[in-house]
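attaching a predicted model along with its sequence, questions to come.
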Amino acid sequence: MYDQNMETVNQKFHLVLRENGFRVTPTRETIWNTLVDHGGHISADDLFSMLHDKEPGIGRMTVYRTLDLLSKIGLIRPIYQGTGAAHYILFDDGHHHHLICTNCHCVIEFDNCVLAELEAAISSQFSFEIEGHLLEVYGRCASCQSLE
């Protein structure tokens, strides 16, 4: 999740779009701001519903295309929580971690990143410049375990 203030987040949004040859449009800004305000973890359809209430002129395909663009330039990432539909997360610092319950599909975020040594080894072994990672660990949450 983005830990910076909103002005810094928007500056990064503008910079990354322009560095990748894309224009900052009012529609892209509205979609981005809604994602940031929501904190991520939202499906395209849920995002469209939220936007449609505020901005009825933004179409469903525009939301999908914008999410695809933001994903390609590294500002967000799709994750799949066993529900079939992608949920989009903000991808600000090169890593993101989730515990995902295979029973109720709840998502628990955690920040404790202990993968630095593993990343260094992988980078060295494969001559691969790592830009970030997304860790999803699947299992059963405490609530679902207590139901047994």
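That came through, no problem.

what about the helices in this protein?
For the chain, helices defined by DSSP state H occupy the ranges 6-19, 26-38, 44-54, 60-72, 116-126, 142-146.

just so I know, which of the ones you listed lies nearest residue 86?
Nearest to residue 86, of all those, is helix 44-54, at 7.0 Å by CB to CB. For glycine as for every other residue, the C-beta is placed from the backbone atoms N, C-alpha and C.

if we can go back for a sec, quick one, which of the helices of the chain is nearest to residue 135?
helix 116-126 (10.5 Å).

what's near enough to touch the residue positioned nearest the centre of the chain?
By CA atoms, centre = their mean, the mean C-alpha position of the chain lies nearest to residue 89, the distance being 1.6 Å. Residues in contact with residue 89, defined by CB atoms under 8 Å, 6 or more residues apart in numbering, are 1, 40, 41, 76, 77, 78, 79, 96, 134.

and the chain, what are its domain boundaries?
Residue ranges for the domains of the chain, per automatic domain parsing: 6-90, 95-146.

pick the most deeply packed of those.
The highest mean neighbour count among the domains of the chain, using mean count of other CB atoms under 10 Å, belongs to domain 6-90: a mean of 15.

how distant is that domain from the center of its chain?
Averaging C-alpha coordinates over domain 6-90 and over its chain gives two centres that are 9 Å apart (CA atoms, centre = their mean, to the nearest Å).

next up, the contacts around the closest residue in space to the residue nearest to the centre of the chain that isn't next to it in sequence.
In space, and not counting its chain neighbours, residue 89 is closest to residue 40: 4.2 Å by CB to CB, 6 or more residues apart in numbering. In this structure, residue 40 makes contact with 1, 76, 87, 88, 89, 90, judged by CB under 8 Å, 6+ apart.
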